[in-house]
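Asks: fold the stuff below for me.
(one chain, ligands or ions: 2)
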Amino acid sequence: MPTRDAPAGDGPPPLLPVTDALARILDALAPSQAESCALRDVRGRVLATDIAARLSLPPAAVSAMDGYAVRAADCPATGTALKRVGESAAGRPWDGSVGAGEAVRIFTGAVVPNGADPLILQEDVTATGDTDGATITVNEAPRDGQFIRPAGLDVTAGDIILTAGTVMSARLIALAISAGHTEVSVWRRPNVGILSTGDELVIPGSTPGPGQIISSNAIYLSAFVAACGAVPVDLGIARDKPGEMLARVRAAPTQLDLVVTTGGASVGVHDHVVDDLSASGTELGFWKIAMRPGKPLIHGRIDDIPLLGLPGNPVSSAVCANIFLRPAIAGLSGGNHSPQMIAARLAVDLKANDRRQDYLRATLDYDPHGHPVVTPARKQDSSMISIYAGANALVVRPPHDKARQAGDMVMVMPLDPLL
Ligand code: AMP
Ligand code: MG
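Replies: Numbering: from 1, shown residues only. Ligands and ions are numbered 1, 2, ... in the order given. I've put the predicted structure just below:
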């Protein structure tokens, strides 16, 4: 049965703190299956296992510059004359051994020949030519081991270079490739069903009739889900009548890992999400969350598939997607997501906040010294997608935050430019 907040004494019903709601949502989510993925396709995926280096980097001692490989004992001071006996270039090592009074021409990335301990920069010698037999006069006494990158300086074969749960970025792909891997084990991308609800909605591309609006939430969430690394599954629009929502989830074209609904989450006579879920006989939480926008949120399972019921208002649904859906997808994908927060200077005054955590649509900018400055939009109506689309950050005000003046520091959540 739905768990609805009971009024506490004479005061207003208690609201569920955002962090508690998020913890409860994440509690039930885990990735299901691992699969192999080529490193060229793995950006954004989450590692299912630790990765050990197959190769050491560099695999042998190599030169960090262009110059000569010599023996330290031969060059105690400047002015020593040595005989050039060979050349070691990248990919073409010299397989001899540097003897007393000898030098080997060497280039960046080339294997250091046996017997040599320091290298000398080509600028620090005078050479009679650039062929074997030339005389090399040392103008600068070398330090022991200078300009040599020892084998394993960067990575040692067998060492763990990446741990399970890491999200693969381009630079981590470069590391895994360099260490000898071509594919890695990652968690399967979760399938996220997206269902809109409402008699007033028409599909994008059609002309709204009287009282109708274009359903924007589903396309927004589809782009959002894909950007978070999951696979969006379109479940269409459930009309405002009992059973539609259940029927559409059950007719999903693929196995779902999460269902996200928008709208119909209130308790009006035309809101059926809660009743449908109750009728499906599964566990259900109908929460009033201490946040603005986005107070009502449904959390539960439908035929054992986790479900998140977001509000219908486009901005409420988008803010809730950032706060709850993004971490939920990370949980289903084997990773975790905690939003980056920064402190910024307020550009305007703000009145004292009430008991709901406020997410103010705002513009984050930088002053000439590079310090962040944030300006909340004057209109904060949760139906106004134009204001949200123009924002690049949310000012996060805790419940009961005191009145703030322009110049005060506040916490800001920058919005991901792709979301
Ligand atoms: P509801 O929670 O169903 O009462 O919806 C709240 C508000 O959000 C109403 O004004 C709806 O028209 C609007 N809304 C609901 N679903 C969508 C949607 N998919 N796209 C755009 N607006 C929506
Ligand atoms: Mg509705």
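Asks: residue 388: which element?
Replies: Element membership for residue 388 (DSSP states H and E) is helix 385-390.
Asks: past that helix, which element shows up next along the chain?
Replies: From helix 385-390, the next helix or strand downstream (DSSP H and E) is strand 393-397.
Asks: can you tell me the strand partners of the helix or strand immediately after that next one in the chain and which way each runs?
Replies: Sequence-wise, the next helix or strand downstream of strand 393-397 (DSSP H and E) is strand 409-414. Sheet pairing of strand 409-414 (DSSP bridges) gives strand 342-346 (antiparallel), strand 393-397 (antiparallel).
Asks: deepest-packed of the ones you listed, please.
Replies: Ranked by mean neighbour count, these are led by strand 393-397 with a mean of 23 (mean count of other C-beta atoms under 10 Å). (Glycine included, C-beta is placed from N, CA and C.)
Asks: what is the mean pLDDT for that one?
Replies: Per-residue pLDDT over strand 393-397 has a mean of 98.
Asks: could you export it as PDB, CA atoms only?
Replies: C-alpha atoms of strand 393-397 as PDB (Å, rounded to 0.1, in the frame of the first residue of the first chain):
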ATOM      1  CA  ALA A 393      23.300  25.900 -12.800                       C
ATOM      2  CA  LEU A 394      21.100  25.400  -9.800                       C
ATOM      3  CA  VAL A 395      21.500  27.300  -6.600                       C
ATOM      4  CA  VAL A 396      20.900  24.700  -3.800                       C
ATOM      5  CA  ARG A 397      19.400  26.300  -0.700                       C
END
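Asks: and it, how far out from the chain's middle?
Replies: Chain-centre distance of strand 393-397: 20 Å, with C-alpha atoms, centre = their mean, to the nearest Å.
Asks: one more: stretch 78-98?
Replies: Counting by C-alpha atoms, centre = their mean, stretch 78-98 comes out at 48 Å from the chain centroid.
Asks: list the buried residues in that stretch.
Replies: 80, 82, 84-89, 93-94, 98 (16 or more other C-beta atoms under 10 Å).
Asks: lowest-confidence member of these, which is it?
Replies: Per-residue pLDDT puts residue 80 lowest of those, at 91.
Asks: any idea how far the residue nearest to that residue when sequence neighbours are not counted lies from residue 66?
Replies: With sequence-adjacent residues excluded and distances taken as C-beta to C-beta, 6 or more residues apart in numbering, residue 80 is closest to residue 138, at 4.6 Å. Distance of residue 138 to residue 66, computed by C-beta to C-beta, to the nearest Å: 16 Å.
Asks: neighbour-wise, which of those two wins?
Replies: Between residue 138 and residue 66, residue 138 has the larger neighbour count (other C-beta atoms under 10 Å), namely 22 against 17.
Asks: tell me the pLDDT at the residue in the stretch 201-350 of the chain positioned nearest to ligand 1?
Replies: Of all residues in the stretch 201-350 of the chain, the one sitting closest to ligand 1 is residue 312 (2.4 Å; C-beta to the nearest ligand atom). For residue 312, the model assigns a pLDDT of 94.
Asks: hang on, isn't it packed against residue 264?
Replies: Yes. Contact criterion C-beta atoms under 8 Å: residue 312 and residue 264 qualify, at 6.8 Å.
Asks: now list whatever residues contact both of the two.
Replies: Shared contacts of residue 312 and residue 264 (C-beta atoms under 8 Å, 6 or more residues apart in numbering): 197-198.
Asks: please identify which of the two sits among more neighbours.
Replies: residue 264 (28 against 25).
Asks: list the contacts for the residue nearest to the more buried one when sequence neighbours are not counted?
Replies: Distance criterion C-beta to C-beta, 6+ apart; nearest residue to residue 264, sequence neighbours excluded, is residue 197 at 3.7 Å. Counting by C-beta under 8 Å, 6+ apart, residue 197 touches 237-240, 244-245, 261-264, 272-273, 312.
Asks: now residue 130
Replies: Here residue 130 is in contact with residue 105 (criterion: C-beta under 8 Å, 6+ apart).
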